[in-house]
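# Below is the sequence, then the predicted model.
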Amino acid sequence: MNPREPVILLAEDDRNDVFFVRRGIEQAGARVSLRVLPDGKDVIDYLAARGMFADRNQFPLPSLLLLDLKMPLAGGFDVLEWLRTQPALDYLPVIVLTSSPEERDRQKAAKLGATRYFVKPPTQEMVSEMIQLMRSAPTAM
């Protein structure tokens, strides 16, 4: 990992969706480090620098969180609820990237502070918007 590259944290348990996001980032020509975690518990531990994620040099704070709603151990809504109680992470834009087109899920994600809501699979336009959002967001303190 290049320490100068921004980090995108992708919370996703489906390998196919990881592939599409990775390919979209490559096609966009974005110079980022993509970190993938398969469940919400690991995402919370990563963001909190707990357990195996305690070393911030090895596991730097992300510039963007791409969050699936339906994951094992803790779902995306659980992550959003936890995240929004963490003042040090107020800067972090969160894009929900989910298979759910349900309006109630979209509304709940917005209420919990999600920055954007996209339905899978990610398109090139979605990935471009994600990268632009990441570049325009404030950084971690």
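The structure has been received and is ready for your questions.

# Could you pull out the strands in the chain for me?
7-11, 33-37, 64-67, 94-98, 116-119 (DSSP state E).

# how about the ones you listed in a markdown table, adding mean neighbour count and distance to Glu26?
All C-beta spots, glycine's among them, are computed from the backbone N, C-alpha and C. A markdown table is the format used below for the strands of the chain (neighbours: other Cβ atoms under 10 Å; distance: least, Cβ to Cβ, whole Å):
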| stretch | mean neighbour count | distance to Glu26 |
| --- | --- | --- |
| strand 7-11 | 24 | 12 |
| strand 33-37 | 18 | 9 |
| strand 64-67 | 26 | 15 |
| strand 94-98 | 25 | 17 |
| strand 116-119 | 17 | 18 |
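
# Let's have those in CSV, adding distance to Phe20 and mean pLDDT.
Output for those, formatted as CSV (distance: least, Cβ to Cβ, whole Å; pLDDT from 0 to 100):
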stretch, distance to Phe20, mean pLDDT
strand 7-11, 11, 94
strand 33-37, 12, 94
strand 64-67, 11, 94
strand 94-98, 10, 92
strand 116-119, 11, 92
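
# Reformat these as TSV; add distance to Met130.
Listed next are the strands of the chain as TSV, based on distance: least, Cβ to Cβ, whole Å:
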stretch	distance to Met130
strand 7-11	8
strand 33-37	11
strand 64-67	7
strand 94-98	6
strand 116-119	8
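
# Select, out of the ones you listed, the one closest to Ala74.
With Cβ to Cβ as the criterion, Ala74 lies closest to strand 7-11 of these, at 9.5 Å.

# So which of the strands of the chain is nearest Gln107?
Nearest to Gln107, of all the strands of the chain, is strand 116-119, at 9.2 Å by Cβ to Cβ.
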